[in-house]
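[1] make a model of this:
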Amino acid sequence: MISLTKLLTKLNKYNFITLLVAFLISVFLVIILTIYHFKKAFIETSSILSENIKYYFEDSIQEIRNNEEKFKNLHLKYVSLLKDSDSANLNSLIHQIKHEVENQLKTEVSVAIINRNLKISYTTLQKEIGLDLSQFEDAKITANYLINKNNDNIVNIEYPVYTPAANTFKIYTLSFIKEKNIFLQLGLDTSLMNHLLSLIKTIKPHNKDISLIYFADQTPLFPITGSMIKFKNKNIINNIFKNNYHILSSLSQYTYLSKIIDFQYLKDMSKPINASIVLVVKQSKSLIYKYILFSFIIMLLLFSFIYYFNLKHIQYYKTNFLLPFIKILKAMKINKFVEDKNLPDKPIKELNLLSKYYNNHLNELLTQKKHLEDALIEIKTLKKLVPICSSCKKIRGKDDKWYTIEEYLSNKFEMDFTHGICPDCIRELYPDHAEEILKSINKRNKK
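    Model prediction:
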């Protein structure tokens, strides 16, 4: 058997545990759902960005193919011009070539003269003057390929190639002029870079680092946009080129890798150069951690408020109902009146009615007890001494009046009397017929 106070304390303890478990489950669900939606939104955004970039690449390639023959013919024209030109006039000649090609193709063009050692001697891009291209493996392979050819065939790169010095994507044509022992390179600007920057700027959400990485033979060479990424595991790169996309997850960030496009340099060589452009989207997890922390704080405050409100409610119930009720029960147990001090400060109807009915009932019982005690005392007194007349046998009452025995007992004890006659009086009153009357009475009583 458990007391009400202990029961309430136990319920309060269980209530706290229940609230705590509910709170921890809620926090766990918030974390799981947040991570799920966060990752889903991140992948969807990265996928949309990837598809848009692929679309721009394909659009630019189509634009290139529309001008491909025209661009090749212009290149061959200026190869012939350079064969017959004076080496002293090469610098002015490349600017003339630039101007003429731009007028015909309506886009920016760069022109460069590269010596046999792959060092840029003359160029319309001031940043590239003196640049040593031999540091790039694909440049060396391309140069050796052209030098060993027996004609002036052009190496036509029909895919956009990023040019760091110009910060743009270009379409290059390259040929080796044996008579001058130099290379002629024409670079046709595309609008792809502007499209990409505009797209990334438009779609880029907060806390995302977006990069385009240029790969040659599955080796990352340099970033086109954004920052370079270090691939610690070769399997990651293999997964990119096998599945077109790959998702990395670490304790601090998500990384989405998507292969945008593949193309080849020098397709007619025994070993063409495979080039790729890979989209890298890094998403810091700091946002999700902040959100979870914020949610945890909000839920903690809510839990504290609910627990405080509940505790206050239980305390109110305990103070204004339970403890007064226990005091009333204790008073009932020892047959005492319920005093006003045992009732709560804020009256509760049921407790007031209980105490009122109990006090009235107890008062009635005590009154009856008093009457019974008085009657018992009086009876005991009567047993001890009753004033009676020695002649007529009347009894004197408390009011000093004399009453017959019938009257006294009737008034005192509410008795009723039936009258008869005893054998002695029969013999005294009817001496001649006494025996006959008594026999008749005895015979009737036996029946």
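
[2] any chance you could map the strands in this structure?
    With DSSP state E as the criterion, the chain has strands at 109-115, 120-123, 155-156, 161-163, 168-177, 182-189, 208-216, 219-225, 245-249, 253-265, 273-284, 395-396, 402-403.

[3] looking at the ones you listed, which is nearest to Ser198?
    Of all these, it is strand 219-225 that lies closest to Ser198, at 11.7 Å by CB to CB. For the C-beta atoms, the positions are set from N, CA and C on the backbone; glycine is no exception.

[4] about what we covered before: worst mean pLDDT among the strands of the chain?
    The minimum mean pLDDT among the strands of the chain belongs to strand 155-156 (a mean of 67).

[5] and Asn363, how many neighbours does it have?
    Using other CB atoms under 10 Å, Asn363 is surrounded by 11 other residues.

[6] how about the nearest residue to it, chain neighbours excluded?
    Nearest residue to Asn363 in three dimensions, chain neighbours excluded: Phe337, at 7.9 Å (CB to CB, 6 or more residues apart in numbering).

[7] pretty sure that neighbour contacts Ile328?
    No - Phe337 is beyond contact range of Ile328, at 10.5 Å (criterion: CB atoms under 8 Å).

[8] more crowded one of the two?
    Neighbour tally, Phe337 and Ile328, criterion other CB under 10 Å: the higher count belongs to Ile328, 18 against 13.

[9] ok, that one to Thr367 distance?
    21 Å (CB to CB, to the nearest Å).

[10] got it, and Thr168?
    Here the distance between Thr168 and Thr367 works out to 113 Å (CB to CB).

[11] one more: Leu90?
    Plainly put, Leu90 is 136 Å away from Thr367 if you go by CB to CB.

[12] looking at those two, which one has more neighbours?
    Per other CB under 10 Å, whichever of Leu90 and Thr367 has more neighbours is Leu90, with 15 against 10.

[13] so Tyr430 sits against Ile437, correct?
    Yes - using CB under 8 Å, Tyr430 is in contact with Ile437, at 6.3 Å.

[14] how many neighbouring residues does Glu436 have?
    Per other CB under 10 Å, the neighbour tally for Glu436 reads 10.

[15] I should have written Lys446 there, sorry.
    What Lys446 shows, counting by other CB under 10 Å, is a neighbour count of 6.

[16] over to Ala275?
    If we define neighbours as other CB under 10 Å, then Ala275 has 20 of them.

[17] partner residues bridging it?
    Counting by DSSP bridges, Ala275 is bridged to Ala216, Phe263.

[18] look up how far Tyr265 lies from it.
    6 Å.

[19] what's the overlap in contacts for these two?
    Residues within reach of Ala275 and of Tyr265 at once, by CB atoms under 8 Å, 6 or more residues apart in numbering, are Asp138.

[20] show me how the chain divides into domains.
    4-284, 292-379, 380-446 (automatic domain parsing).

[21] now the longest one, how far from the centre of its chain.
    Right, the one you point to is domain 4-284. Distance of domain 4-284 from the chain centroid (CA atoms, centre = their mean, to the nearest Å) equals 38 Å.

[22] what does the shortest one give?
    From the chain centre to the centre of domain 380-446 is a distance of 101 Å (CA atoms, centre = their mean).

[23] endpoint to endpoint, it covers what distance?
    Length of domain 380-446, first residue to last, CA to CA, to the nearest Å: 37 Å.

[24] just use 42 as the starting number from now, easier for me
    Renumbered: residue one is now 42, and that last one reads domain 421-487.

[25] stretch 99-106: which residues count as buried?
    101-102, 104-105 (16 or more other CB atoms under 10 Å).

[26] what about the helices in the stretch 292-441 of the chain?
    For the stretch 292-441 of the chain, the helices defined by DSSP state H, counting those that start in this stretch occupy 327-358, 364-374, 390-425.

[27] just these: most buried one?
    By mean neighbour count, with neighbours taken as mean count of other CB atoms under 10 Å, helix 364-374 ranks first of those at a mean of 16.

[28] between that one and helix 390-425, how big is the angle?
    10 degrees (axes from the mean of the first three to the mean of the last three CA atoms, to 10 degrees).

[29] quick one: helix 364-374 to helix 327-358, angle?
    Using the same axes, to 10 degrees: helix 364-374 against helix 327-358 is 30 degrees.

[30] what about helix 364-374, average pLDDT?
    Mean per-residue pLDDT for helix 364-374: 79.

[31] how far out from the middle of the chain is that helix?
    Counting by CA atoms, centre = their mean, helix 364-374 is centred 48 Å from the centre of its parent chain.

[32] for that helix, C-alpha coordinates in PDB please.
    The C-alpha coordinates for helix 364-374 follow below in PDB (Å, rounded to 0.1, in the frame of the first residue of the first chain):
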ATOM      1  CA  LEU A 364      -2.100  17.800   1.800                       C
ATOM      2  CA  PRO A 365      -5.400  19.300   3.100                       C
ATOM      3  CA  PHE A 366      -7.200  16.000   2.100                       C
ATOM      4  CA  ILE A 367      -4.600  14.000   4.100                       C
ATOM      5  CA  LYS A 368      -5.200  16.300   7.100                       C
ATOM      6  CA  ILE A 369      -8.900  15.800   6.800                       C
ATOM      7  CA  LEU A 370      -8.400  12.000   6.700                       C
ATOM      8  CA  LYS A 371      -6.200  12.100   9.800                       C
ATOM      9  CA  ALA A 372      -8.800  14.100  11.600                       C
ATOM     10  CA  MET A 373     -11.500  11.600  10.700                       C
ATOM     11  CA  LYS A 374      -9.300   8.800  11.800                       C
END
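
[33] so which elements touch it?
    helix 45-124, helix 390-425 (3 or more CB pairs under 8 Å, 6 or more residues apart in numbering; DSSP states H and E).

[34] so which of those helices is nearest Lys323?
    Nearest to Lys323, of all the helices and strands packed on helix 364-374, is helix 45-124, at 9.8 Å by CB to CB.

[35] just want the angle from that closest one to strand 150-156.
    When the same axes, to 10 degrees is applied, the directions of helix 45-124 and strand 150-156 differ by 70 degrees.

[36] turn the helices and strands packed on helix 364-374 into a markdown table, including distance to Met456 and mean pLDDT.
    Listed next are these as a markdown table, based on distance: least, CB to CB, whole Å; pLDDT from 0 to 100:
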| stretch | distance to Met456 | mean pLDDT |
| --- | --- | --- |
| helix 45-124 | 52 | 78 |
| helix 390-425 | 13 | 79 |
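
[37] any chance of the ones you listed in CSV, plus distance to Asn222?
    Below are the helices and strands packed on helix 364-374 laid out as CSV (distance: least, CB to CB, whole Å):
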stretch, distance to Asn222
helix 45-124, 11
helix 390-425, 113
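
[38] nearest to Lys181, of these?
    Using CB to CB, the nearest of the helices and strands packed on helix 364-374 to Lys181 is helix 45-124, at 21.4 Å.

[39] mind checking the helices and strands packed on helix 364-374 for the one nearest to Thr296?
    For Thr296, the closest of the helices and strands packed on helix 364-374 is helix 45-124, at 9.4 Å, according to CB to CB.

[40] thank you kindly, that will do.
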